[in-house]
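> sequence first, predicted model second:
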Amino acid sequence: MTKEQAKRRAAQLRRQLKRYRHEYYVADRPSVEDAVYDSLNNELRDLEAQFPDLRTANSPTQVVGGEASAKFARVPHPSPMLSLQDVFNEDEVVTWEKRVHKLLGKSKLEYFGELKMDGLAMRLVYVDGKFVQAVTRGDGAVGEDVTHTVRTIKTVPAELVRGVKNGGRAVSPEIYRHFEIRGEVVFPVKAFEALNRQRAAEGLPLFANPRNAGAGSVRQLDPSVAAGRGLEFIAYSIELDLPELQTHQDEHELAHKLGFKVDANSQILPDLKQILVYHRAWEERRKKLPFRTDGLVITVNSNTDFARLGVAGKAPRGAVAFKYPAEQATTVLEDIRVSIGRTGAVTPYAVLTPVVVAGSTVARATLHNEDEIARKDLRIGDTVIIQKAGDVIPEVVRPLVELRTGRERKFRMPRQVGGVRVARPEGEAVARLVDLGSGEVRWQQLIHFVSKAAFDIEGLGEKTLAQLMEVGLIESPVDIFRLIDKREDLLGQERFADLSADNLIASIREHRRVTLGRFIYALGIRHVGAKTARDIAKHFKSLNHFLTATEAELSDIDGVGAVVAQSMSQWLAAKANQQLVRELVKAGVEVEREQANTGGKFADTTWVITGTLDSMSREQAAKQIEARGGNVTNSVSQKTSYLVVGAEPGSKFAKAEKLGVKILDETAFLKMIA
């Protein structure tokens, strides 16, 4: 990127980030998720680091919070309420720790770790031991007086606990004369969800997240609104210079003794290794907490050392927010290209400027089809939000239209690929190649044929298949098994020495015998996945019975719908497909009868799984059921014996309730398979 391009992009990002800051901090109506703001802010920070003269004093990377609202009294903070520097991976934590050691001239430091609350930063003031004022962070220098609403929060003590001792001695009386404490007002997840359900029932707009719902509650003029919403105040620092407070841990302990709620999961971290262990330990556990958190706060524990480190820009040098990988990020949609599938499907995909999402670098994302691109109004050159949860394939959520420059281009589906015409069948969303005999399609079919869920032939990866197709050794699946007798031909190819050729032939010979379910899946029939293939195989049991199946017989199989039955019967009716099966058998393929589950504690039961399970994937749960003789299907019906329900179940849950199907949560399911 040239300096002129960076200058234009930085100006564009500053304008947009300022708008998002106002929505978030002042209006309490954010239009984007925190991860989207962070991603754009990081991009701006990187540009300013690359071109330092682009950095301005009022840049979003250099300021704290947002301006105080005019409807509340403005209150200056005696000392600034700063933001924290964000770090997103272990390398950045290592860099921070090295810098801290260098600045202090020490080789060993102790740290204090606590969960980073996703709430509204607040300063509370007590005079003569009694609560007198609550002030929001605002812009870090001036906040809003929201005493009237914060007073209603049950975890805000009206009066400090008297007679507190520290190490057997009474604490300084100064604490009771004038006391200031800082923390977060958080909205517990269950209370937030209940509020949104109530608002939905009343036809009111829903809150975007607990943080903004909590901030909106605190900023109500009517204190009864906040009083009824179950907000909590969780303290994290005491703003007094007292001999009792030698460490950040001391502040937590004293706050708790005085009557405040503090993070019960905080702990001393003696070194960098323990910081990383603590971070990994909470990556999954945090999802079960009663409040939202997106990371940890790591602080140099010694208050003396913390003060010596001072402040850099808007953040103290002695603490960082060690965030977890965001499941959303922003990047540039550089291009839209198409891939060809084994059924001839022409699928557009996004080529992205590489970006880290959910802990991995993403440079490609699915776009599904032409209609989806039009629905989302995606254009080549857009700044887009992408999403990746866990191992899910990344997807483009939407463009940030406000960041368009006018140079973006609309996508047009190509009329042909590799000389083969592209057409979109009437009534379908996916465009396809009109000739399924094209090299690209045949290559994808062969990749599918040898995949792990099909024949599982090691040594035939994508590149090897392409190479053997190019020299004419493989044209169809039958040719794979004919390679057993073509060792000399293999030895003449690049990357094939004696050992590699022998290993490939041995792998092919070993995997000629497959179950009927694997065989059906390997054929690559449209709409037929591995699970459906097994269901069909269990019904027909043998290859001969399967080859003579009618559409009506297929439709009778539990879990096989009309679309699958029609696709399967059309495939079986084609003479070329029947000939392919005969040639595979002639080439040495042995198809074993599929054994139905006839024994086990779940014999004669039918199961459906919906939602996300914590202890295992749905595929693993299905294997556990099938190993005990149960049958797992995709749809709920009168024949369903049990529905296993994880987090965020779909429509199957409601249908099961309506039909009276026995519903098991994950705990009950685990007991049954124990």
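Received it, and whenever you're ready, just let me know what you need. Numbers count the residues shown, from 1 in each chain.
> contacts for the helix or strand that Glu180 is a member of?
Assessed by DSSP states H and E, Glu180 sits inside strand 178-186. Applying CB atoms under 8 Å, 6 or more residues apart in numbering, the set of residues contacting strand 178-186 from outside is 78, 81, 117-127, 129, 150, 153, 160, 210-211, 214-215, 218, 231-240, 255, 258, 260, 291-292. C-beta: built from backbone N, CA, C; applies to glycine.
> can you list the strands that it pairs with?
strand 120-127 (antiparallel), strand 232-238 (antiparallel) (DSSP bridges).
> which elements pack onto whichever helix or strand comes after the longest one?
Looking back up the chat, that one is strand 120-127. As assigned by DSSP H and E, the chain's next helix or strand after strand 120-127 is strand 130-136. If you count contacts as 3 or more CB pairs under 8 Å, 6 or more residues apart in numbering; DSSP states H and E, strand 130-136 packs onto strand 120-127, strand 142-144, helix 147-150.
> and strand 130-136, which residues are buried?
131, 133-136 (16 or more other CB atoms under 10 Å).
> can you check stretch 163-175 too?
164, 166, 171, 175.
> show me the contacts for the last one.
The neighbourhood of Ile175, defined by CB under 8 Å, 6+ apart, consists of 160, 164, 240, 242, 254, 258.
> filter these down to the buried ones and hand me the PyMOL line.
Restricted to buried positions by 16+ other CB under 10 Å, the PyMOL selection for these reads:
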select buried, resi 160+164+240+242+254+258
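> helices or strands next to the helix with the most length in the chain in the packing?
Counting by DSSP state H, the longest helix found in the chain is helix 3-21. Secondary-structure packing of helix 3-21 (3+ CB pairs under 8 Å, 6+ apart): helix 34-50.
> may I see the strands paired with strand 178-186 organised as TSV, with mean pLDDT, mean neighbour count and distance to Thr353 added?
Below are the strands paired with strand 178-186 laid out as TSV (pLDDT from 0 to 100; neighbours: other CB atoms under 10 Å; distance: least, CB to CB, whole Å):
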stretch	mean pLDDT	mean neighbour count	distance to Thr353
strand 120-127	95	21	33
strand 232-238	96	22	37
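> just the ones in helices from the contacts of Ile175, please.
Those of the contacts of Ile175 mapping onto helices are Leu254, per DSSP H.
> ok, now how distant is Leu352 from Val560?
For Leu352, the distance to Val560 equals 38 Å [CB to CB, to the nearest Å].
> got it, and Thr633?
Using CB to CB, Thr633 is found at 9 Å from Val560.
> and Arg169, what are its phi and psi?
With angles defined as degrees, to the nearest 10, Arg169 sits at phi -110, psi 150.
> identify the residues contacting it.
With contacts defined as CB under 8 Å, 6+ apart, Arg169 has no neighbours.
> gap between it and Gly129?
As judged by CB to CB, Arg169 and Gly129 stand 18 Å apart.
> model confidence over stretch 152-159, on average?
Averaged across stretch 152-159, pLDDT comes to 94.
> restricting to C-alpha, output it in PDB.
Output of stretch 152-159 as PDB, limited to C-alpha atoms (Å, rounded to 0.1, in the frame of the first residue of the first chain):
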ATOM      1  CA  THR A 152     -30.500   0.600  42.800                       C
ATOM      2  CA  ILE A 153     -28.000  -2.100  42.000                       C
ATOM      3  CA  LYS A 154     -28.000  -4.700  44.700                       C
ATOM      4  CA  THR A 155     -24.200  -5.300  44.600                       C
ATOM      5  CA  VAL A 156     -23.400  -1.600  45.200                       C
ATOM      6  CA  PRO A 157     -23.200  -1.400  49.000                       C
ATOM      7  CA  ALA A 158     -25.100   1.600  50.500                       C
ATOM      8  CA  GLU A 159     -22.400   1.600  53.200                       C
END
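> buried ones in that stretch?
Buried, per 16+ other CB under 10 Å, within stretch 152-159: 152-153, 156-157.
> how about stretch 74-91?
Neighbour-count burial for stretch 74-91, counted by 16+ other CB under 10 Å, picks out 75, 77, 80-88.
> want to try a markdown table for these, with distance to Val608 and pLDDT as columns?
Converted to a markdown table, these look like this (distance: CB to CB, whole Å; pLDDT from 0 to 100):
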| residue | distance to Val608 | pLDDT |
| --- | --- | --- |
| Val75 | 57 | 93 |
| His77 | 56 | 93 |
| Pro80 | 56 | 90 |
| Met81 | 51 | 91 |
| Leu82 | 52 | 90 |
| Ser83 | 47 | 88 |
| Leu84 | 45 | 91 |
| Gln85 | 47 | 90 |
| Asp86 | 42 | 89 |
| Val87 | 43 | 91 |
| Phe88 | 39 | 85 |
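> next, format these as a markdown table and append secondary structure and distance to Thr548.
Below are these laid out as a markdown table (DSSP: H, G, I helix; E, B strand; the rest coil; distance: CB to CB, whole Å):
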| residue | secondary structure | distance to Thr548 |
| --- | --- | --- |
| Val75 | strand | 83 |
| His77 | coil | 82 |
| Pro80 | coil | 80 |
| Met81 | coil | 77 |
| Leu82 | coil | 76 |
| Ser83 | coil | 71 |
| Leu84 | coil | 69 |
| Gln85 | strand | 69 |
| Asp86 | strand | 64 |
| Val87 | strand | 64 |
| Phe88 | coil | 59 |
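> leaving out sequence neighbours, find the closest residue to Ala454.
Sequence neighbours aside, Ala522 is the residue nearest to Ala454 in space, at 3.5 Å (criterion: CB to CB, 6 or more residues apart in numbering).
> quick one, what contacts the one you found?
Going by CB under 8 Å, 6+ apart, Ala522 touches 448-449, 451, 454-455, 477, 514.
> how about Asn577?
Shown in contact with Asn577 (CB under 8 Å, 6+ apart): 523, 571.
> got a pLDDT number for it?
According to the prediction, Asn577 has pLDDT 93.
> and the helix or strand harbouring it, how far out from the chain middle?
Under the criterion of DSSP H and E, Asn577 resides in helix 575-586. Here helix 575-586 is found 44 Å from its chain centre; the criterion is CA atoms, centre = their mean, to the nearest Å.
> after that helix, next one along is what?
Going down the chain from helix 575-586, the next helix or strand is strand 590-592, by DSSP H and E.
> so after that next one, what's the next helix or strand?
Heading C-terminal from strand 590-592, the first helix or strand you meet, by DSSP H and E, is strand 606-610.
> who are the packing partners of that following strand?
With contacts taken as 3+ CB pairs under 8 Å, 6+ apart, strand 606-610 sits against helix 618-627, strand 631-632, strand 642-645, helix 651-659.
> which residues are in contact with stretch 506-516?
By CB under 8 Å, 6+ apart, stretch 506-516 touches 454-460, 480-481, 483-484, 522, 537, 540-543, 546, 588-594.
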